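here's a sequence, model it:
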Amino acid sequence: MATDGFEAVFMETRNWGRTAKFLQTLGFELETETGDGSGVFRNGSGPYVVVIEVPEDREPAMQLALRVPDADAFRPDPAVDVVSPFEDTHYGTREMTVRDPDGRLWSLQAPKG
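Below you'll find the predicted structure:
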């Protein structure tokens, strides 16, 4: 079983308000705001964007998440470097982390089943 396209983008920021306004000028709508400097944005049927504010002394990062329809049925190729197997998250999905050949981490997300 292969992945099923992009699910989400996880984007860290040093300024929640500026980043929220930036995304909204690009057509994203705020779906959920947690009140602690994070929230979820959507633009049509594409991947959702999770924005998380980080301290000024931390370099903001970005991570892509690929969609996996069924975590239990997913079997990555043996050549794939699995950093962590599927685990339940606090936000209602199951998540696996893999490393690409250049050392970047990728998130694979599946619905809790």
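
end to end on stretch 35-54, go ahead and measure it.
Taking CA to CA, to the nearest Å, the first and last residues of stretch 35-54 lie 14 Å apart.

return the distance of stretch 41-53 from the chain's centre.
Here the centre of mass of C-alpha atoms in stretch 41-53, compared against the chain's by CA atoms, centre = their mean, to the nearest Å, lies 9 Å away.

I should have written stretch 32-45 there, sorry.
The chain centroid and the centroid of stretch 32-45 are separated by 12 Å, computed with CA atoms, centre = their mean.

what does it rub up against?
With contact meaning CB atoms under 8 Å, 6 or more residues apart in numbering, stretch 32-45 is reached by 16, 20, 23-24, 26-31, 48-53. For the C-beta atoms, the positions are set from N, CA and C on the backbone; glycine is no exception.

count the neighbours of the nearest residue to residue 85 once chain neighbours are set aside for me.
Leaving out its chain neighbours, the residue that sits closest to residue 85 by CB to CB, 6 or more residues apart in numbering is residue 96, at 5.8 Å. By the criterion of other CB atoms under 10 Å, residue 96 has 22 neighbours.

and for the one 3 residues further on?
Around residue 99 sit 13 other residues, with neighbours defined as other CB under 10 Å.

what residues are up against it?
Applying CB under 8 Å, 6+ apart, one finds that residue 99 lies in contact with 81, 83, 105, 106.

my guess is the last one contacts residue 67, does it?
No: if you go by CB atoms under 8 Å, residue 106 and residue 67 don't touch, sitting 11.8 Å apart.

surely residue 60 is in contact with residue 51?
No: taking CB under 8 Å as the definition, residue 60 is not a contact partner of residue 51, at 9.9 Å.

quick check: pLDDT value at the closest residue to residue 108 other than its chain neighbours.
Setting aside the residues directly before and after it, residue 108 is nearest to residue 96 in space (CB to CB, 6+ apart), at 4.3 Å. Per-residue confidence (pLDDT) for residue 96: 96.
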